[in-house]
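J.: structural data only, the sequence is not supplied:
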């Protein structure tokens, strides 16, 4: 057994096409540092946090189909008031793992590779989780955010700031007062 919980041996599974096994795998992503460049806004999967996979692996001639769900914790900053927020991602997956894709076969371009009868689920996990990170996480749907002039958190208190007059539009203010 590999030290990486997301590496699955499929040698026995591939002996008979159509064979299906259920796998539950959990552990931290070893490539967590890879997620940092792909953060969505200020959302990320914390390094070392546990990812849980409940997957069915089914063999077919030339590969393995992986179907199931992935669960992972995410954290970030509210895009309006910058307080820390977190949540949980639930992602459904259906991906193919094939023997080394043959050049010129476009149907295998999107398949992951089976190497030495081992399926490494980690690239699939990253490819599935990162796009699901919230682009603009919120602490609450009705978050009032920060005042753009004084920086007061409008969720905690109000301020008396008045928006400065834009001189380009000052002539139109005459119409507002009449």
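T.: Everything's here; your move. Predicted model only: the values in this text are computed from it and were never measured.

J.: where in this protein is the helix or strand with the lowest mean pLDDT?
T.: Counting by mean pLDDT, DSSP states H and E, the chain has its least confident helix or strand at helix 32-35, which shows a mean of 48.

J.: which element follows the longest helix belonging to the chain toward the C-terminus?
T.: Longest helix in the chain, counting residues (DSSP state H): helix 122-129. With elements assigned by DSSP states H and E, the helix or strand that comes after helix 122-129 is helix 173-177.

J.: starting at the chain centroid, how far to that following helix?
T.: Distance of helix 173-177 from its chain centroid, counting by C-alpha atoms, centre = their mean, to the nearest Å, is 48 Å.

J.: tell me how far residue 7 lies from residue 69.
T.: 19 Å (C-beta to C-beta, to the nearest Å). Where C-beta positions appear, they are placed from N, C-alpha and C, glycine not excepted.

J.: so residue 58 bridges to which residues?
T.: residue 20, residue 65 (DSSP bridges).

J.: swap in residue 77?
T.: Taking DSSP bridges as the rule, residue 77 bridges to residue 84.

J.: that one and residue 20: what is the separation?
T.: 42 Å.

J.: ends of stretch 152-160, what's the gap?
T.: One end of stretch 152-160 sits 10 Å from the other (C-alpha to C-alpha, to the nearest Å).

J.: numbering from 677 from now on, please.
T.: New numbering, starting at 677: the last item is stretch 828-836.

J.: touching, residue 719 and residue 809? I think so.
T.: Yes. In this structure, residue 719 is within contact of residue 809 by C-beta atoms under 8 Å, at 4.0 Å.

J.: okay, domains of this protein per the record?
T.: Domain assignment for the chain, taken from automatic domain parsing, gives 683-818, 820-854.

J.: so of those domains, which one's packed in deepest?
T.: Among these, domain 683-818 has the highest mean neighbour count (mean count of other C-beta atoms under 10 Å), at a mean of 15.

J.: can you tell me which residues contact the residue nearest to residue 812 when sequence neighbours are not counted?
T.: Among residues not flanking residue 812 along the chain, residue 755 sits closest, at 4.0 Å (C-beta to C-beta, 6 or more residues apart in numbering). The contact partners of residue 755, by C-beta atoms under 8 Å, 6 or more residues apart in numbering, come to 717-718, 812-814.
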